[in-house]
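Trainee: Coordinates for the following, if possible.
(chains A, B, C and D)
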2 protein chains.
Amino acid sequence: MASTRDRIITATNELFRRQGYHATSLKEISVASGATIGSIYHFFPGGKEALGVAVVETTGAIYRELFETLVAEFDDPATSYRQFCLGAAAVLVESEWLDPCPIGGVARETANTSEPLRAASAAAFDSWVEAANAHLQGVGVAPDRARSLATMFVATIEGTFVLSRTRRSTEPLEAAGEHLAALVTAALDEPAPVDR
Amino acid sequence: MASTRDRIITATNELFRRQGYHATSLKEISVASGATIGSIYHFFPGGKEALGVAVVETTGAIYRELFETLVAEFDDPATSYRQFCLGAAAVLVESEWLDPCPIGGVARETANTSEPLRAASAAAFDSWVEAANAHLQGVGVAPDRARSLATMFVATIEGTFVLSRTRRSTEPLEAAGEHLAALVTAALDEPAPVDR
DNA sequence: CGCCGTCTAGAGCGACCGTTCTAGGCTGGG
DNA sequence: CCCAGCCTAGAACGGTCGCTCTAGACGGCG
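Mentor: Residues are numbered from 1 along each chain as shown, chains lettered A, B, ... in the order given. Sure thing, here's the model as predicted:
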């Protein structure tokens, strides 16, 4: 059985994915994790906000690793990004439309009301952009273009999560996979900037 | 002075943009709008949920019109989408990082917990996709490709809002503007599908 | 065995939540 | 002038929130 701390984080992660930050109470987390309120405050003396930061940091690191392993499975870079979207679509359907990413929700709810949570979310997003940037540069995309495309990738993924989940359709993720693949292919074909 | 009902909706819209659905209380809405709790329940007998639906529907319609007028200002379609992103970036900075779109937050918070709010959010997103779809087909993009690109556009916009706001940077919106413009240009150049 | 730091247990705090209720002002038509 | 209607006012409800506190269970080490 996982440690109490890990169970608290895992349970909180799932509750955030289902209903977000503010709609999730410590009592719910207590019940779902099998830990008492006292245990939660023992491991996270900063209360709900500190627990939220820990969840964001943990999930951010896991997803970064997931991206890196998943993207390394394909020889063609464009295929990697398309498959990433299709994989996310499968997760979305299997989980019955749980948000694949608890961080997006936390970020949206707290970007103007909690600096610790905003900063933790920004750091997670930054690490993903950096991972995609490194991958794109590794396959030959010019540096400035790679960073811009990496940012676009992370933003589009987050946006398609919202759209697909709200509309109960994998169509946005499939469309994003195709268009992101096209952008990657274009960036590989013509490494020079295409500014107007 | 605007009608009480309108003031309630406007105030709620702004509070949702700042802090989301669950973090906004009826008391806050009452103070911000200058209407009493009794008035809120008079105009929205369904309570907070019904008020949320009204806000989503109102904002959804306004933004659809905004898109249509804004996109008609430019002759080159690619420029329209780039300018849309740049305009959103300006709004974001001017409002000191208020979420430009209350619907995305509401959708993310309630997609699995309130069917009326989920349905209203989905309808708003659908109407935007339809507006972009109509615009793209109007400038000569093939139907299936136009719909896919329109979906990608709405998803990317929502995603860049989250990323830009969380990171306190307009960079994601600027990157999205460039890449969306490139996708539109490509769709105009080669109307045939580019599937692998 | 006895001790101590780590972790768990659960009652209880004040504050605030969404909601309901009754009563009173205000306005336009008879 | 009166009165019926729509709208406002604000107290009050039960419930739940995040959080604090004290007490005890557990296990490794001297």
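Trainee: list the contacts for A:Leu136?
Mentor: A:77, A:145-146, A:149-150, A:184, A:187 (CB atoms under 8 Å, 6 or more residues apart in numbering or on different chains). For the C-beta atoms, the positions are set from N, CA and C on the backbone; glycine is no exception.
Trainee: Name the residues of chain A found near DNA strand C, please.
Mentor: For chain A, the residues in contact with DNA strand C (CB under 7 Å from any atom of the strand) are A:4, A:35-39, A:41-43.
Trainee: Is there a quick ChimeraX command that grabs whichever of the residues you listed are buried?
Mentor: With 16 or more other CB atoms under 10 Å in any protein chain shown as the criterion, this ChimeraX line picks the buried residues out of the residues of chain A next to DNA strand C:
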select /A:4,35,39,43
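Trainee: CSV for the residues of chain A next to DNA strand C, including secondary structure, pLDDT and distance to DNA strand D?
Mentor: Putting the residues of chain A next to DNA strand C into CSV (DSSP: H, G, I helix; E, B strand; the rest coil; pLDDT from 0 to 100; distance: CB to the nearest atom of the strand, whole Å) gives the following:
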residue, secondary structure, pLDDT, distance to DNA strand D
A:Thr4, helix, 88, 12
A:Ala35, coil, 91, 12
A:Thr36, coil, 90, 8
A:Ile37, helix, 92, 5
A:Gly38, helix, 90, 5
A:Ser39, helix, 92, 9
A:Tyr41, helix, 93, 4
A:His42, helix, 93, 8
A:Phe43, helix, 94, 12
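Trainee: Same list (the residues of chain A next to DNA strand C) but as CSV, adding distance to A:Pro116.
Mentor: Output for the residues of chain A next to DNA strand C, formatted as CSV (distance: CB to CB, whole Å):
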residue, distance to A:Pro116
A:Thr4, 23
A:Ala35, 22
A:Thr36, 24
A:Ile37, 21
A:Gly38, 23
A:Ser39, 21
A:Tyr41, 17
A:His42, 19
A:Phe43, 16
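Trainee: For chain A, which segments count as helices?
Mentor: Using DSSP state H, the helices of chain A run over A:4-19, A:26-33, A:37-43, A:47-71, A:77-94, A:102-110, A:115-138, A:143-167, A:171-189.
Trainee: got the buried residues for the last one?
Mentor: Spelled out, it's helix A:171-189. Neighbour counts over helix A:171-189 (16+ other CB under 10 Å) mark A:171-188 as buried.
Trainee: Single out the residue in chain A that lies closest to DNA strand D.
Mentor: A:Gly47 (2.5 Å; CB to the nearest atom of the strand).
Trainee: Nearest residue to the closest residue to chain B within chain A in space, ignoring adjacent ones along the chain?
Mentor: Nearest to chain B, among the residues of chain A, is A:Gly159, at 2.7 Å (CB to the nearest CB). Leaving aside its sequence neighbours, A:Gly159 sits nearest to B:Gly159 (CB to CB, 6 or more residues apart in numbering or on different chains; 2.7 Å).
Trainee: re the thing from before, what subset of the contacts of A:Leu136 is also close to DNA strand D?
Mentor: Answer for the contacts of A:Leu136 near DNA strand D: none qualify (CB under 7 Å from any atom of the strand).
Trainee: tell me the two of the residues you listed that are most distant?
Mentor: A:Pro77 and A:Arg145 (13.0 Å; CB to CB).
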